[in-house]
Structure formats: C-alpha cells, structure tokens
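In: below are the sequence and a predicted model for it; my questions follow.
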Amino acid sequence: MLKTHENLATETADLMAEIGRKARAATRPLALAPAKQKNDALIAIADAILRDEQKILDANAIDLKNGEESNLSSAMMDRLTLTPARIRGMADGVRAIAGLRDPVGDVIAEWDRPNGLHIERVRTPLGVIGVIYESRPNVTADAGALCLKAGNPVVLRGGSDSLNSSAAIHAALSDGLKSAGLPADAIQLVPVTDRAAVGEMLKGLSGNLDVIVPRGGKSLVARVQTEARVPVFAHLEGLCHLYVDKSAKLDMAIPLIVNAKMRRTGICGSAETLLVDRAAAETFIVPILNALAEAGCEIRADSETCELYPAARAATEEDWGTEYLDAIISVKLVDGISGAIEHIEKWSSHHTEAVIAEDNQVVERFFNEIDSAILLHNASTQFADGGEFGFGGEIGIATGKMHARGPVGVEQLTSFKYRVRGTGQLRP
C-alpha cells in the first residue's frame, strides 16, 4: 500500500520527536563528562574517520553521481566532494578540537561584594543543539566534534545531496562515542531527506532543542529565521568584500586577491566583490585583473573598470548583491576608504571584509567603521574559518550580534551560570 502524505508526515514527526527525546536524555551525562572522556571520544572519532576512509569515499561517490544527475552547480559539487586529503583534514580537525582547552567549568569572571559574597561566572553547555546544513558533508564531523567538546548533544540535519556521505561520517562519530563510554545519542544524524524534518526541528522537537544553527544558502537561513521557535545562530551568506587602497603594495595585493577569490570559490569566505581605490586604478586594475583572469576568474565590472580593462563583462546592479560561490568576481572603483565603506555598508552581508593597505589611518577607519563579523588587514578573506582562528573548527560564521559572532567554536557553544559563595549573609 502506498503511504499517503499524511502518513509520511506523521512518521517524520514521530521520528523527530524520538530523536529529540534521545538527545535530551544525553544532555546530563555529556554535561558531566570529564574532559578526558570527551577527548578520548574525539581521538577515537578521528581514528574511526581515517579507518573508514574508503567507506566514506564510496558513499561520497554515490552522492557525487546523484549530484551530477541533478545538475548541481560546480560550486555545490566542490562543496560536496570528499577526497583522501579532505578526509584527513576532517580527522585532523577533530584531533585539534580534542587538543583545545575544555571550556566547561571555566571561570569567566569572579569578584567579591562588600557584604563578603564571592560571585563567579562559569561556562556551562548550551544544551541540545540543532545544526541544519547543506552540501558540505565535512560539517557532520566539525559540528559533531565541536558540540561534543562543549558538552552539548547535537541533532544534525545535512542536505539531501550529501546524505550518504554524512551517514558514513556519522557512523565513525558513533563508534568514537561508544568506545569512550559516552551515549551514541549525543550525536544524531537525521536519517531522512523529508523537508518536514526541518520543520520539526524549527518547532523545537517538543521543547528538546535549545539552539538552532543554520548553515546554508539564503533561502534556508531565511526559512529558519522566519519559522524557528528556538534561538538561532544565523549564518548568512558570505558576501565578502576586498578593498585595495592606493597605499597597497601591488606585489602583495595580486597574490592575496587571487587567493581570496580562487583558492576555493565555493566557501563562504571567498571574496565576491573587489573594490579598488580610484586613485590607483591606472596602475592597479590591469595587473590585478590579468592575474584573476589567468586563474580562471570571470570579471564583472563597473563602466570605469571596463574602460581600463575591456575584457571585463559589464556588471549589473544585481552583481553587487550576489554571492557567486563560483569563479566570478564583481569589481568597482571607489573614492578611497570612504567610498569603500559606503559600498560595503550598502551591500555587505556583514560576514567578512578585508583591506589591503599600508596607510594606518585607512586601516583604522576600515576596522572602526565597518560592522562585519570578521575584518582582515593584508590577509586573504579565506582565513574566515574557525580552524584558522585556532578554534579547531567551526559550526559556521555567525553574522548576528547576539551571543555568538564570527566563527562559532567551542566557547561560543557554551552559556554560563553564576556561582555565589557566602558565609551566612542575610539580605537586609
């Protein structure tokens, strides 16, 4: 008998409710687990990922074949693709997280009151975290390991296009948890592609989900922000800007710009718009754009830039607000740092921006007047990554301003409580 839509929806709701209950049941044992036990689990997870490399690659091959048949874009295919090097990178990332200081129980601040009370602010796990992500199966390992280190159970809902890869990686995570004597339900992967599963997570899994982290495209994040009934760490699109000031050293700027755009075009830290100081256009534009073109980048530029570089395609208004996630960059001439700030203020997603300059006043204005989660000076936007920040990894780059901002690592996955110690004080 064929299942009706109503039956499928009921089955999904029941499945997600059970996942939520299991995650909540894992909260206490995980929150109380000593650092060594969590680290033992993480090391075991890294070992299991390497041990299961071929299984993971075989599963990924299925996803890649399905992706090709579904005509996924080249950017999405790059995000989806796993290689032995990327699998080793996953394992190395998990080991790096194991090597981090355990945040749970850290005394963030402490002070004494005139009445003799001693007050401490102490880090605690956030609770059950839901992570909704698309395409990139490595997020399964990154998010699972980070949440584990911070003492939080996690419910992972990967994209339908990466389900086989994520499931193979998740099996390694489960093995690592079990080997260390921690509940396997501390890291759960939603095993169905039904979009209704996302809806159940947004409802909070019957009160069992404490925080949601969306990591994906604009439509996914918009849905989460609109429908979620629990707090959200928003990871918006990476509409990243790179400003080249007239004081920049051209020999530094050229390889930096090419790296920022072309190292990996499908990640959120890839530069999407290049702003060049009009005062340096005559000497900067041609060598910079030649280098980008030689690296395989399509250039869409304003009319002034097109006059200096006729090979560029004319940019439209839409280009300034587009996250290409591809070998495409929009280019515009601006009136110095003031013009750059004005453009970024209008179009930025407040993810990551970079300035190439030797003038300290320009750099200070860039840092002080631009309100994005990550700002860089003379460095590639591709450093917008928790691993590069020394966090071991990240769940995403939070672009909001509440609780977490920038790379969401282990510390950002904690809350805090107050401990107040007295000697019999009474409040008058």
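Out: Now that the structure is in, tell me what you want to look at.
In: where exactly do the helices run in the stretch 1-150 of the chain?
Out: Using DSSP state H, counting those that start in this stretch, the helices found in the stretch 1-150 of the chain span residues 5-25, 27-32, 35-51, 53-69, 74-80, 84-98, 138-149.
In: just the C-alpha atoms of the last one, please, in CSV.
Out: Only the C-alpha atoms of helix 138-149 are listed here, as CSV (Å, rounded to 0.1, in the frame of the first residue of the first chain):
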residue,chain,number,x,y,z
ASN,A,138,32.5,17.6,6.5
VAL,A,139,30.2,19.7,8.6
THR,A,140,29.0,16.4,10.1
ALA,A,141,32.4,15.9,11.7
ASP,A,142,33.1,19.5,12.5
ALA,A,143,29.7,20.2,14.2
GLY,A,144,29.6,16.8,16.0
ALA,A,145,33.1,17.2,17.4
LEU,A,146,32.6,20.9,18.5
CYS,A,147,29.3,20.2,20.2
LEU,A,148,30.8,17.2,22.0
LYS,A,149,33.8,19.2,23.2
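In: in it, what's buried?
Out: If you call a residue buried by 16 or more other Cβ atoms under 10 Å, then helix 138-149 has these buried ones: N138, V139, T140, A141, D142, A143, G144, A145, L146, C147, L148, K149. Where you see a C-beta, it was placed from the backbone N, CA and C, and this is true even at glycine.
In: now these as TSV including pLDDT and distance to E272?
Out: Listed next are the buried residues of helix 138-149 as TSV, based on pLDDT from 0 to 100; distance: Cβ to Cβ, whole Å:
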residue	pLDDT	distance to E272
N138	92	22
V139	92	21
T140	95	26
A141	95	27
D142	92	23
A143	94	25
G144	96	29
A145	96	29
L146	95	26
C147	97	30
L148	97	33
K149	97	32
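In: tabulate these (CSV), appending distance to K203.
Out: Rendered in CSV, the data for the buried residues of helix 138-149 read as follows (distance: Cβ to Cβ, whole Å):
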residue, distance to K203
N138, 28
V139, 22
T140, 23
A141, 27
D142, 25
A143, 20
G144, 23
A145, 27
L146, 24
C147, 20
L148, 25
K149, 27
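In: list just the nearest of those to Q188.
Out: Nearest to Q188 among the buried residues of helix 138-149, counting by Cβ to Cβ, is G144 at 9.3 Å.
In: for that closest one, which non-adjacent residue is spatially closest?
Out: I187 (4.3 Å; Cβ to Cβ, 6 or more residues apart in numbering).
In: what ranges does the stretch 201-350 of the chain have for its helices?
Out: 218-227, 250-262, 281-294, 303-308, 336-347.
In: so which of the ones you listed is nearest E394?
Out: helix 218-227 (15.9 Å).
In: quick one: contacts for the residue lying closest to S74 once chain neighbours are set aside?
Out: Using Cβ to Cβ, 6+ apart and skipping residues adjacent in sequence, the residue nearest S74 is D326, 6.5 Å away. Going by Cβ atoms under 8 Å, 6 or more residues apart in numbering, D326 touches S73, S74, A75, T265, G266.
In: just give me the least confident of those residues.
Out: The member of the contacts of D326 with the lowest pLDDT is A75, at 77.
In: from what I can see it touches C268, true?
Out: No - applying Cβ atoms under 8 Å as the test, A75 and C268 come out as separate, 11.1 Å apart.
In: okay, and G199 sits in which element?
Out: In this assignment (DSSP states H and E), G199 forms part of helix 196-203.
In: if you count neighbours, what's buried in that helix?
Out: Applying 16+ other Cβ under 10 Å to helix 196-203 flags A196, A197, V198, E200, M201, L202, K203 as buried.
In: give the closest residue to the second one in space, chain neighbours not counted.
Out: Same thing as A197. V190 is the one closest to A197 (Cβ to Cβ, 6+ apart), at 5.1 Å.
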